[in-house]
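Chemist: Next input, structure requested:
(chains A and B)
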Amino acid sequence: MVDSLTYTPQITLEFKIGEKDFFVAGECASRVKKTLQQLGLKQDVIKRIAIIIYEAAMNVAIHATSGMVTVHVEPDAITIRTDDVGAGIEDIDLAMKEGYSTATYEIREMGFGAGMGLSNIKQCSDDLKIESKVGVGTTLNAKVYFQDQARQADG
Amino acid sequence: MTVGELAGVLGLEVLTGDTNLDREVRSGYTSDLLSDVIANIGDDAVWITIQRHVNILGVAKLKDVPAIIIPRKLQLEEGFITKARQEDIAILRGSASAFELSGLIYNELKRG
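Modeler: Below you'll find the predicted structure:
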């Protein structure tokens, strides 16, 4: 596993998110943002990535009992993956709809659970995959390319 | 206009000492929904909200918000202020409502 990382300057950052661990969710997005700024990535790409990480980590904190956020920096793209153990998502299409939320009243009172998380993630991602099993957990995979897609297609 | 100048001209209480008083403010955003703020707040923007729990500081930090402005003289917990100072986010408080504060701040920033 480590061998593949030896010759290319790839970075993997991992964060553990506990149940209702809202502050850590914000922190891991801030930390990745700082790392990417040091790497000299474009500001708008960093912004999109930070939003994805924040929203995805927040979903784990709000809806799961525990989970991991793994951020993998590759030469031309970054992937953000969350793996959680928890309730899972019954209807992913419905969950993607802006404004739809299963968050509790207490969570909404705090300003979370507005039903914008997954749609924010989708807007910021070039590629998004969500797999979920009710009662088991959810895996989310988001990818952002450093060059915009249009230019990649041209080249 | 800086955070300190904005606080001075609008008579806002500064609760975090000299934190960020010299930072430039270019715009503002008023919302209590964190996902909305994350997606839509601009650069160097003050954030007007009635949310006062420490988790909002994670959002403010991520979006590099120079100051959070709390309306209606709402009560704040000591832990919130301490954490804000640690995270380098100014906390200002006014007696007007979020609506009125937004208007006042908008006018000040327009004037330059």
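
Chemist: What segments of chain B are helices?
Modeler: Assigned by DSSP state H, the helices in chain B fall at B:3-10, B:34-40, B:55-62, B:78-86, B:98-111.

Chemist: most packed of those helices?
Modeler: helix B:55-62 (a mean of 24; mean count of other Cβ atoms under 10 Å in any protein chain shown). Heads up, the C-betas are built off the backbone N, CA and C, glycines and all.

Chemist: could you give the angle of that helix to helix B:78-86?
Modeler: On the basis of axes from the mean of the first three to the mean of the last three Cα atoms, to 10 degrees, helix B:55-62 is oriented at 10 degrees to helix B:78-86.

Chemist: How about helix B:55-62 and chain A, any contact?
Modeler: Yes: interface with chain A: helix B:55-62 contributes B:Asn55, B:Ile56, B:Leu57, B:Gly58, B:Val59, B:Lys61, B:Leu62 (Cβ under 8 Å from any Cβ of the partner chain).

Chemist: Spit out the contact partners of the residue in chain A that chain B sits nearest to.
Modeler: Using Cβ to the nearest Cβ, the single residue of chain A nearest to chain B is A:Gly26, 1.9 Å away. Shown in contact with A:Gly26 (Cβ atoms under 8 Å, 6 or more residues apart in numbering or on different chains): A:Tyr54, A:Ala57, A:Met58, B:Asn55, B:Leu57, B:Gly58, B:Val59, B:Lys61, B:Leu62.

Chemist: what does A:His72 give?
Modeler: Applying Cβ under 8 Å, 6+ apart, the residues contacting A:His72 are A:Gln10, A:Ile11, A:Thr12, A:Leu13, A:Ile78, A:Thr79, A:Ile80, A:Arg81.

Chemist: My read is that A:Val71 contacts A:Gln10, right?
Modeler: No: look at A:Val71 against A:Gln10 with Cβ atoms under 8 Å: they stay out of range, at 11.1 Å.

Chemist: higher neighbour count, the two?
Modeler: A:Val71 (25 against 12; other Cβ atoms under 10 Å in any protein chain shown).

Chemist: other SSEs contacting the helix or strand bottoming out on mean pLDDT in chain B?
Modeler: In chain B, the helix or strand scored least confidently by mean pLDDT, DSSP states H and E is helix B:55-62, which has a mean of 92. Packing contacts for helix B:55-62, counted by 3 or more Cβ pairs under 8 Å, 6 or more residues apart in numbering or on different chains; DSSP states H and E, involve helix A:22-38, helix A:43-63, helix B:34-40, strand B:67-70, helix B:78-86.
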